[in-house]
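**Student:** curious how this folds, go ahead:
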Amino acid sequence: MTLKIRKGLLYDLYVRKGKTSEEISKILQCNKQTVLRYLHKHKIEIRPPRRRKGLGKISISKDLLYDLYYKQEKTQREVAKILGCNSKTISRRFIEYGFHGRPPERMRKKTSEGTSTKYVKVPVRHHPHRNYNGIVFQHRLVYEAYLNGVSYENWLRIIDEKSWSTDTRFLQSWEIIHHKNGIRDDNRLGNLELLPHNAQHVALERLLQENRKLKAIIESKDKIIDELRKTNTTKKCLRQWEKTKF
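**Tutor:** Numbers count the residues shown, from 1 in each chain. This next block holds a predicted model:
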């Protein structure tokens with residue numbers, strides 16, 4: 001049986017009592033998407049995300065955010081978890097307070113693997129190529145600073161103050177910055193390489209992937225040969241094994 005939600009009941013719960021769509025779904029024992037669909041069907045204006053119940057009450061001081069991110073070197077995701085909000089809220093506060101990401105040499109945390117699958121995002125309010133959330137990838141900012149002959153910190157200041165000239169070099173959307181060691185959050189200048197278009201980047205990534213596979217095969221073969229030598233395997237058997245094709 002299909003659930004039907006009357007307009008009067010939905011208006012009373014959502015508008016007058018200020019319930020969220022999730023709270024209404026629990027009261028009516030239905031899915032949250034069903035509530036949102038009926039809000040749209042009954043032409044009841046849906047509150048913006050920032051004005052929904054609970055989110056507007058989050059108060060994050062500038063000093064606390066600075067301490068967690070810069071002094072304790074927490075990631076934005078970790079800061080959001082500590083403060084009980086989502087990472088988008090933290091990104092908005094960064095833009096409001098004029099904070100930027102940590103310098104490239106301090107971004108990578110020392111781990112056993114030393115790898116990351118995510119790019120470092122930096123909120124920059126006035127960058128001409130920022131996305132709709134006011135975000136630019138840090139590796140692109142680092143390379144732009146290099147192209148313009150300034151330090152990373154000075155480049156962020158120039159963007160904040162909109163003090164660039166007509167000769168200032170910004171990376172175009174089709175230009176790709178490649179990480180030489182494959183670690184996406186290692187944004188040191190020596191690890192970055194400018195490629196003119198994405199096709200070249202894809203070809204390079206495939207070549208590097210094949211090289212990594214071949215290297216793994218060679219290392220595994222050498223390891224087995226070393227083990228055979230330690231067990232005093234006959235030379236004839238060893239020569240046959242070395243000729244084996246993987």
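**Student:** the helices in the protein, which residues?
**Tutor:** 7-11, 21-28, 32-41, 62-66, 76-83, 87-97, 138-147, 152-161, 198-230, 235-242 (DSSP state H).
**Student:** would you turn these into a markdown table with mean pLDDT, distance to I183 and mean neighbour count?
**Tutor:** Any C-beta I mention is one placed from the backbone N, CA and C, and that applies to glycine too. Putting the helices of the chain into a markdown table (pLDDT from 0 to 100; distance: least, C-beta to C-beta, whole Å; neighbours: other C-beta atoms under 10 Å) gives the following:
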| stretch | mean pLDDT | distance to I183 | mean neighbour count |
| --- | --- | --- | --- |
| helix 7-11 | 87 | 50 | 14 |
| helix 21-28 | 86 | 39 | 16 |
| helix 32-41 | 86 | 39 | 16 |
| helix 62-66 | 84 | 27 | 14 |
| helix 76-83 | 83 | 18 | 17 |
| helix 87-97 | 80 | 21 | 18 |
| helix 138-147 | 91 | 11 | 21 |
| helix 152-161 | 88 | 18 | 17 |
| helix 198-230 | 77 | 12 | 11 |
| helix 235-242 | 60 | 34 | 10 |
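**Student:** surely K19 and L13 touch.
**Tutor:** Yes: the pair K19 and L13 passes the contact test of C-beta atoms under 8 Å, sitting 4.7 Å apart.
**Student:** common neighbours of these two, please.
**Tutor:** Contact with both K19 and L13 is made by residues I27, according to C-beta atoms under 8 Å, 6 or more residues apart in numbering.
**Student:** how much space between H201 and L208?
**Tutor:** 11 Å (C-beta to C-beta, to the nearest Å).
**Student:** sorry, back to before: which one, of the helices of the chain, ends up nearest to N191?
**Tutor:** helix 138-147 (8.6 Å; C-beta to C-beta).
**Student:** how far does the closest one sit from the chain's center?
**Tutor:** Chain-centre distance of helix 138-147: 17 Å, with C-alpha atoms, centre = their mean, to the nearest Å.
**Student:** residues making contact with it?
**Tutor:** Helix 138-147 has contacts (C-beta under 8 Å, 6+ apart) with 101, 104, 107, 119-122, 124, 127, 129, 151-152, 154-156, 169-171, 177, 179, 184, 187-189, 192, 194.
**Student:** give me the subset of the residues you listed that lies in strands.
**Tutor:** K121, V122, I177, H179, L192, L194 (DSSP state E).
**Student:** of the residues you listed, which is the most crowded?
**Tutor:** With neighbours set by other C-beta atoms under 10 Å, the maximum within the ones in strands among the contacts of helix 138-147 is found at V122, which has 27 neighbours.
**Student:** circling back to that earlier point, distance to R47 for the helices of the chain - can I get that in a markdown table?
**Tutor:** Output for these, formatted as a markdown table (distance: least, C-beta to C-beta, whole Å):
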| stretch | distance to R47 |
| --- | --- |
| helix 7-11 | 13 |
| helix 21-28 | 9 |
| helix 32-41 | 10 |
| helix 62-66 | 26 |
| helix 76-83 | 21 |
| helix 87-97 | 16 |
| helix 138-147 | 34 |
| helix 152-161 | 32 |
| helix 198-230 | 40 |
| helix 235-242 | 70 |
